[in-house]
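> I need the structure of the sequence given here:
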Amino acid sequence: GYRIIEKPQEPPAIQHDRPNDTGTDITEDTPATTGDPSEPDLNPSQQVGSRTRFKGRSTFIPPHRRNASIDTYCRLVEQDVSHLLNNKRKYTVSENLTKEQRLELNLIQKDNSIVIKSADKGGAIVILDRSTYVNEVQRQLCNTNFYRKLDHNPTSTFKSKIKNKLDSLLLNNEITKSEHAFMYVDSPVTPVLYILPKIHKQYTDAPPGRPIVSSIGSLTEKISAFIDHTLQPLVTSLPSYIRDSMEFLKMLKTIVVPESCLLVTMDIESLYTHVPFEGGLRASEFFLN
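Numbering: from 1, shown residues only. Below is the predicted model of the structure:
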């Protein structure tokens, strides 16, 4: 059992959460010197612009009375926030749901017999029986070609290896102190696997699921971001690179297909799990060189 729900209504106008806020800053950062004691000294060979791109979020707070304008602004903000908190009962947020809809959503949230996920494609919301969802996850994890059950948690071993490698790269001036601190995760969390139902595929009882490993806060999250940033310019310069389906359709307009030819598409099952690690490393090394 499963049900498919169309795209939900737009959310309430007021939103307080920052999107994609992971607690780290990997954006381009080239302001003037701030005097931040948490920012390590970098030699010229270790700089990107005037700042390294990958660094932890700064905890530096300017000393009081360093700038009269900033102090005045902070005081006014504190007054406004205090006023809002003291008068919060006077402010209301417009709801886009009826009382009955809110009650129904609360009941659905507390229903442990179902799992609610967004569809892999199309933007729909899918409600599945928990047993159906769990069975699909177990079916995939039982594929010994891609998964192996461990008899212990190897995180501490991998953490030690990563620390030694990062220390070596720092010693050889191949990464900066900030990049070292950014990529080393002292208290990692275990990644979590979940699936998104592929309702666009053909199926009988229940749709297959696309496995996704949520690695936020994991041992390799920051290293992955660093490698992705490093390889991205290389990938986009390859002759085989196609950004998305729209770019491919534009390319087709410039190609004359003879009447005797057919355009054929292929879909590789479990593409990423079929890419061999050694082959991927060799390909990356080849194009980097």
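> tell me, how many neighbours does H180 end up with?
By other C-beta atoms under 10 Å, the residues close to H180 number 19. All C-beta atoms are positioned from the backbone trio N, CA, C, and that covers glycine.
> in which helix or strand would I find it?
For H180, the host element (DSSP states H and E) is helix 177-183.
> Which strand or helix spans L193?
strand 192-197.
> got the buried residues for that strand?
Buried residues in strand 192-197, counted by 16 or more other C-beta atoms under 10 Å: I195, L196, P197.
> Mind checking what helix or strand follows that strand in sequence?
Defined by DSSP H and E, the subsequent element after strand 192-197 is strand 209-214.
> Between strand 192-197 and that following strand, find me the angle.
150 degrees (axes from the mean of the first three to the mean of the last three C-alpha atoms, to 10 degrees).
> Name the residues that touch strand 209-214?
Residues outside strand 209-214 that contact it (C-beta atoms under 8 Å, 6 or more residues apart in numbering): 120, 133, 136-137, 140, 191-198, 273.
> Can you give the distance of whichever helix or strand comes after it from its chain's centre?
Downstream of strand 209-214, the next assigned helix or strand under DSSP H and E is helix 221-237. Here helix 221-237 is found 13 Å from its chain centre; the criterion is C-alpha atoms, centre = their mean, to the nearest Å.
> so how far is T72 from the nearest residue to I70 once chain neighbours are set aside?
Excluding its sequence neighbours, the residue lying closest to I70 (C-beta to C-beta, 6 or more residues apart in numbering) is P62, at 6.8 Å. Going from P62 to T72 by C-beta to C-beta, to the nearest Å gives 13 Å.
> In terms of helices and strands, where is E174?
Using DSSP H and E, E174 falls outside every helix and strand.
> One more: L249?
helix 245-253.
> Which residues outside that helix are in contact with it?
With C-beta under 8 Å, 6+ apart, helix 245-253 has contacts from I242.
> Noted, bye for now.
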